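**Q** can you look at this prediction? I've put the sequence above it.
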Amino acid sequence: MRKQLSLAMAAAMALSLAACGGTNSSAPADTSSTSAETSTGEAGTDASGEAANWGDVTLTMWGAEEDQTMLREMADAFIAENADKGNITINIGACSEADTKDEVLKDPTAAADVYAFADDQLNELVAAGALQEVTLNADDVKSRNLEGSVEAASLDGKLYAYPMTADNGYFLYYDKSVISEEDAQTVDGILAAAAEAGRTFDMTLNDGWYIYSFFAGAGLEATLADDGVNTVCNWNEEPGADVAQAVMDIAANSAFVSAPDADIVSGIKSGTVCAAVSGTWNAKVAQETWGDNYAATKLPTYTLDGEQVQMGSFAGYKLVGVNPHSQNVGVAMMLADYITNEANQQKRFEDRQLGPSNINVNASEAVQAAPAIAALAAQSEFSDLQRVGANYWDPAASLGQILQSGDTQGKTTQQLVDDAVAGITAPVAQ
Amino acid sequence: MAEVTLSAPLRADGKEPNFLQRFGHGFVHGDIFTKLSFLVWGLGYIGHGQLIKAVLVTLVQGLGLYYLGVAGIPNLMKFGTLGTVQMEMVFNPATFKNEVNDYDNSFAILLLSIIALVVIVAMIAAAMAVVASNYNLQQIRKAGKKTNSFVQDVRVYLNEKFYVTLLTLPVLGVVIFTIVPLFILIAVAFTNYDQQHMPPNSLFTWVGLANFFTLFGGGQSLSLTFGYAFGKILIWTLVWAFFATFTNFFGGVFLAMFINDKKTKFPKLWRTLFVITIAVPQFVTLLLVRNFFGDNGIFNTMMSNLGVTDLLHNIGLLSPTMDYIPFLTSNGWAQVMIILINIWVGVPYQMLIATGVLMNIPADMLEAARIDGANPVQMFFRIKLPYLLSVQGPALVTDFVKNVNNFNVIYLLTQDVYVTADQSMAASSAKEVDLLVTWLFRLTQEQYNYKMAAVIGIMVFIICAVFTVVCFRFINKKEATFS
C-alpha cells in the first residue's frame, strides 16, 4: 500500500502538498451543513416523496490520478442513466488510494461523498465514522464480488464499502531467460540462478508490508486486536527468532538486494534485476522490459531451519466507500454501487488493467490470462487480509532495516523480535 | 476617546493614570450616564450628546452579545465536559438521506468556547474603556466645552491618532489567526484528542496533565520509549539547529567575501548563479538531491566506479556487507549529509545578506587597518566578523529558531527513505533524523495523535522562547560594548 506511493515519489510528494483537496474546488457547500438540516427538517418533508425523486444532487468523488478520465466516463454514464430521477452533478477529485485515509480523516465532513481507498484503511475509516454502512443493495454487492474482497470490505459482519479491485497484493515476477520455473519456486533457487547470471533478486525488506511475508509464512501472526485499534503479534514466539535469522541469511546473499520500489523499477529497466517481489504497479515495467521472458507467480518458499516454508503475504483490495456525512448518502451509495458493478469492473480491466474483484469478470478468460492476476490468484491461498494497527508499521520496518543490514547491534535474534513485538503491540494511545 | 483631562490628579506621583485607574475613577465619580454606559455602551454617549457614536458602539456590543447568546454561552456551558452526546446516524431509505441526532462536537465546543472567552474579555475591556471615555466627555461638558462631533472624531483618528486606525486590522488579525489558534493548541494538550476520539463521531474530553506525564516517561501507553525518543530527538534538533545556522552563516560570509574580492572575475555572474538556486522551489531541489544520494542513486554509482566505496570498506568506515554508501539511510551518515545538503540549499540567502552587510563596513576602517599592516585574516576576525555579528546577531537567533522548526529540509530528505534501526525509536514512530516538528507532523498526520502533538508543540514553543530571550539579552549587552 504505502509502497505504491514511492513508485511516483516525486510526483506524489508534489501532489500531497496540494493533496486531494486541491482538485475538488467545487465542493465548498458540503462542509457546513451536514448535521442539523438532515436531522430534523428534511426527514419530515421528504418522507412522502419517493426515493426515486432525488432532486438536485451534487456529489464529489475521489479516485486515483490515473483513473480520472475513466471515472469521468463512469460518472457521466451514471448521470445519463439516472437523468429521470434527478439533476445530478458529479465532481471528480484526484486522491491516491493509498492516501485517502489521511485526506478523509483531516475532516470527514469536508471529504468527498464517494472515495476509493485501499482496504487496510477500512478500520480507521470506520472508527472515525467516515464510512457509511452499505444499506442499499448490500446482498447483491456481497454476492457478485470475491469472498476475500467482501471480507476486506466488512467489519464486524457489516459491509462498509464496495469492492473495486483485487490486485493490491504482492507476488513474484522474474525474467524467464535467467530463472527457470523450477528455480522460481524457492528463494534459494532464485538467488543461485541470479548469482550465476550476475544479476539480482530484489525485495523491500525494511518495510512492514513486505517483511510480514516471512513471519506469516512461518505461521506467525500480526493482526488487529479485538478493539480494532491495537495490534496483536506473536513474532517473538517459536520460530520467530529463526525467521529473523533466515531473513538475515537471505539479505547477506550477494545476489539479494533490499531496495525500495523506485530502485526496483530502475533496476529492472537497467537490467540488473532479474526477479523481484512487488505488486501490479511495477509489473508493467517488468513486462515492457522483459517482454516475452516476463513471468509472474506466487511468492517462493524460503529456507527456515533447513525446511522450505511458503512465504505469506498481505492480500490487498481497493474499495469504494461512501461518506456518511454526505448530504446525499443514498445517491452516493448508488454511485459507488454503479462504478463497482460488473460492467465497470470490466471497463477498469480493459482501460487500466486493474484486477477485478467481481466474480464474473475475474473468471473471464482475458483476466485469467494476465500473468499478474494469475499470480495473485495463486498467492491468494497464502495471503491474509491486511489488518494491523497504526503501531505495526514503524517497529516492523525497523526490524526489517536491522535484518537487511545484518547489524544486530549486539542483540540476539530473539531480542530483536522481542523488541519489535513490544513496539508493534504497544497500545496506540490511552 | 478624546484626551484625558482630569480635574484632580489621579496619582499622587503625578504619572499618567493607567487604564484600570481611569476606569475606576470614572465609574465611581461618573454621572448616571457614565455608570450606565458600562452595561449599555450607547447610553453614555446618548447622554453626552454623541449619537452616531452611541449607535456604533451599541451595534458592536450587540454583535458581541449576539455571538455569546447564540454560540458562545451554549458552548461554554459544555466547556467543562466538551460534550456528552455522541453522534448517531441512521439511514432513512425513504428520503435517501442520513438522519443525525443532535450531537455534540467536542472540537466545535472547544473552538467556540475559546472564541467566546476572548469575546468576553474583549467586551469587558471595551466596556471599561467606554466608561473611561464617557467620564472624559462628562468632564469636558462640565467644563462648559463642546464635545467632539462625529466628524471631528473621525478626523482625529485620521490625523493625531492615525496609528490607532492603522493598527486595528493587524491587531484583529493577530487575535484571530494567532492568539485563538494558540489557545486552542494549548487546550488540546490537556485533552485526549486522538485517533480514538475524533470529532464529529466521537467526543474527547479533558484529561488534565496526563499527556505531559506520558511525554516525560510516566503514565501509560507511549510511556517509556516516548520519553526516550523525545530526549534523543530534542538533542538532535538542537545539534542540527546549531550546525545548520552556523554553517550557513559562515558559508554565506565566505562566499560573499570570495565573490566580492577584487581579484574575482565576473562577480555578478557568480552571484547570479547562486541566486538562481533560490529561484528553484526548495522541495524540487531536495527531492532531486534525495534521489541523487539514494542507496542505488547516481552518486553511489559514481562513488563505486571511482573506487571510493571500496576505499571506505578498506578503512573500515563501511561494513563489508554494504555495497553502497548509505548517505541518507543510516544513522550518522544521514545527519552529516542533511547538514551538508542544507548548506547548499541555504548558503545563497546568507550570501546575499552578508554581501549587503560587508559593503556597509566603512572603507576607511579597512583602509586604516591595511595601512597599519593588518593581514586579511586579522581584518576578518577583528573588523568584519564583529561587525557582521553585531548587525546579524538578532537574525542569527531567528535563524536558529527557524532551523529548530525547519520542516522542509528534514522531511523531504528523509521521508520514505530513512528507516530507523533503533527499535526503541521505532516504537514511538520516531527516527534519529527527526526534528521535533517532523516527528510532530508524523504523529498527527499518520497517527492522528493531536494531543501529543500539542504537547510537543508547547515544548518547542518553550524551547524557542527561552532560547530567544536568553540570546537577545546576551546580544543587547554585546551590542552595547561593540559600538
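**A** Looks like it came in fine.

**Q** got the domain boundaries for chain B?
**A** Using automatic domain parsing, the domains assigned to chain B come out as B:19-188, B:215-293+B:328-482.

**Q** wait, I meant chain A
**A** With automatic domain parsing as the reference, chain A has domains A:2-165+A:318-356, A:170-314+A:385-425.

**Q** thinking again about what came up before, let's have the domains of chain B in TSV, adding distance to chain A.
**A** For every residue, glycine as well, the C-beta is placed using N, CA and C. Formatted as TSV, the domains of chain B follow (distance: least, Cβ to the nearest Cβ, whole Å):
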stretch	distance to chain A
domain B:19-188	3
domain B:215-293+B:328-482	3
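
**Q** mind jotting down where the helices sit in the stretch 251-400 of chain A?
**A** Remark: helices assigned in the stretch 251-400 of chain A by DSSP state H, counting those that start in this stretch are A:261-270, A:280-290, A:329-339, A:342-352, A:359-363, A:365-369, A:371-379, A:393-405.

**Q** least reliable of the domains of chain B going by mean pLDDT?
**A** Lowest mean pLDDT within the domains of chain B: domain B:215-293+B:328-482, at a mean of 85.

**Q** residue in the stretch 201-350 of chain B nearest to chain A?
**A** residue B:201 (2.9 Å; Cβ to the nearest Cβ).

**Q** so that residue is in contact with residue A:125, correct?
**A** No - Residue B:201 is not in contact with residue A:125 according to Cβ atoms under 8 Å; the separation is 10.6 Å.

**Q** out of those two, which sits in the busier spot?
**A** Neighbour totals were compared for residue B:201 and residue A:125, and residue A:125 leads with 24 against 21 (other Cβ atoms under 10 Å in any protein chain shown).

**Q** wait, residue A:428 sits on residue A:391?
**A** Yes - contact criterion Cβ under 8 Å: residue A:428 and residue A:391 qualify, at 5.5 Å.

**Q** overlap in contacts, these two.
**A** Taking Cβ atoms under 8 Å, 6 or more residues apart in numbering or on different chains as the contact criterion, the residues that touch both residue A:428 and residue A:391 are residue A:230.

**Q** quick one, which of the two is more surrounded?
**A** Taking residue A:428 and residue A:391 together and counting by other Cβ under 10 Å, residue A:391 has the greater number of neighbours (26 against 21).

**Q** could you give the bridge partners of the nearest residue to residue A:187 once chain neighbours are set aside?
**A** The shortest distance from residue A:187 to any non-neighbouring residue, by Cβ to Cβ, 6 or more residues apart in numbering or on different chains, is to residue A:302 (4.2 Å). On the basis of DSSP bridges, residue A:302 is bridged to residue A:309.

**Q** pull the contacting residues for residue A:302.
**A** Contacts of residue A:302 (Cβ under 8 Å, 6+ apart): A:186-188, A:214, A:217, A:246, A:250, A:308-309, A:311.

**Q** measure it to chain B for me?
**A** Computed as Cβ to the nearest Cβ, to the nearest Å, the residue A:302 to chain B distance reads 19 Å.

**Q** just the element for residue B:320, please.
**A** Following DSSP states H and E, there is no helix or strand that holds residue B:320.

**Q** got a pLDDT number for it?
**A** 72.

**Q** so it is in contact with residue B:312, correct?
**A** No - using Cβ under 8 Å, residue B:320 makes no contact with residue B:312, being 10.3 Å away.

**Q** who has more neighbours out of the two?
**A** Ranked by neighbour count (other Cβ under 10 Å), residue B:320 and residue B:312 place residue B:312 first, with 15 against 9.

**Q** which SS class is that one?
**A** At residue B:312, secondary structure determined by DSSP: H, G, I helix; E, B strand; the rest coil is helix.

**Q** apart from its neighbours in sequence, what residue is nearest it?
**A** Residue B:312 sits nearest to residue B:318 (Cβ to Cβ, 6+ apart), 4.0 Å away.

**Q** for that neighbour, which three-state class applies?
**A** With three-state DSSP as the criterion, residue B:318 reads coil.

**Q** for it, phi and psi?
**A** Backbone geometry at residue B:318, expressed as degrees, to the nearest 10, gives phi -130, psi 130.

**Q** ok, it - how many residues close by?
**A** 20.

**Q** and the gap between it and residue B:330?
**A** 9 Å (Cβ to Cβ, to the nearest Å).

**Q** circling back to that earlier point, would TSV of the domains of chain B with distance to residue A:395 and mean neighbour count be doable?
**A** Listed next are those as TSV, based on distance: least, Cβ to Cβ, whole Å; neighbours: other Cβ atoms under 10 Å in any protein chain shown:
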stretch	distance to residue A:395	mean neighbour count
domain B:19-188	27	17
domain B:215-293+B:328-482	5	17
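
**Q** out of the helices of the stretch 251-400 of chain A, which gets nearest to residue B:366?
**A** Closest approach to residue B:366 among those is made by helix A:261-270 (52.4 Å; Cβ to Cβ).

**Q** model confidence over that closest one, on average?
**A** Averaging pLDDT along helix A:261-270 yields 89.
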